[in-house]
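>>> The sequence and its predicted three-dimensional model are supplied below.
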Amino acid sequence: MQIPCEQPLLWSGGWFLAFVWAGVFPLIAAPGPHRLWGACASAGHLCAAGAALWPRGRRLSVGAAFTGAVAVPLLVLLAGGGAQSEVFVIERSGLLTLSRATPYLADPRSVVEVTPYLPGMAVFGVPRALMGDSGPLTGMPGDARLWCAAVFLGCLWAARRATVAGSGRAREARWTGASSARPSSPRSWRCRCASAVWTCR
């Protein structure tokens, strides 16, 4: 369900609820990346709630939320070398795929040694296996999160193009159907009636 743009209070209220939800993470979450994300996301959502109250502030609020919940924590974690355990699991699966032709460990002994993903996820860990990890900045191009984000954004772009193209074809089909359903000119109707009379005689 889409919230109408002319109801800024609903937009602001939604962003404020997101602010409260994200603000809980720094207080109760144990992993450091979770706490960092909660702090950044809560600030971004709070700014989005304020921006949504402005006239035509919908795009500004979305940009503020995206910056706080996605861009800032991702850049901070990339620069500092921090990540959730899932990132290391994906990168290890890429390394195992290249070295052993399988993304799974034969005898995992802890939770972090288990790869819960299908083999296709190992593709995102291959860049790390090829480029190595020589440091937070120099090893950044091989980070699995960047490749996951690139594929995600690429899918969004493709879906957007397909949606726009489908809408254009639908409008064209409706226009063509409406044009063919239009009544002809009186003269053409007279010609058709005359042809029908001569045919029936």
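On my side now, so go ahead.
>>> where are the low-confidence patches of this structure?
The chain contains residues with pLDDT under 70 at 1-6, 134-138, 167-201.
>>> Repeat the analysis, applying 80 as the threshold.
1-6, 133-139, 166-201 (pLDDT under 80).
>>> surely L53 meets Q7?
No - using C-beta atoms under 8 Å, L53 is not in contact with Q7, being 11.1 Å away. (Each C-beta comes from the backbone N, C-alpha and C, glycine too.)
>>> so how many other residues sit close to W54?
As a burial measure, W54 scores 12 neighbours (other C-beta atoms under 10 Å).
>>> Next, find the distance separating the residue nearest to it when sequence neighbours are not counted from V126.
Nearest residue to W54 in three dimensions, chain neighbours excluded: L60, at 6.8 Å (C-beta to C-beta, 6 or more residues apart in numbering). Separation of L60 from V126 (C-beta to C-beta, to the nearest Å) stands at 38 Å.
>>> just C155 next, same as before
C155 is 19 Å from V126, by C-beta to C-beta.
>>> So for these two, which residue has more residues nearby?
V126 (19 against 10).
>>> and the more buried one, what does it touch?
Applying C-beta atoms under 8 Å, 6 or more residues apart in numbering to V126 gives the contacts G94, T97, L98.
>>> at 10 Å what do you get?
I90, E91, S93, G94, L95, T97, L98, G142, A144, W147 (C-beta atoms under 10 Å, 6 or more residues apart in numbering).
>>> and what of R128?
87-88, 90-92, 94-95, 139, 141-144, 147.
>>> can you do 7 Å?
E91, G94, G142, D143, A144 (C-beta atoms under 7 Å, 6 or more residues apart in numbering).
>>> how many neighbours does the fourth one have?
Residues contacting D143 under the criterion other C-beta under 10 Å number 25.
>>> Dihedrals phi and psi, it?
phi -60, psi 130 (degrees, to the nearest 10).
>>> Could you check how far it is from A49?
D143 is 31 Å from A49, by C-beta to C-beta.
>>> Likewise for the third one?
For G142, the distance to A49 under the criterion C-beta to C-beta works out to 37 Å.
>>> Same check on the last one?
Applying C-beta to C-beta, one obtains 32 Å for the distance of A144 from A49.
>>> With neighbour numbers in mind, choose between these two.
Shown here are A144 and A49; by other C-beta under 10 Å, A144 has more neighbours (25 against 21).
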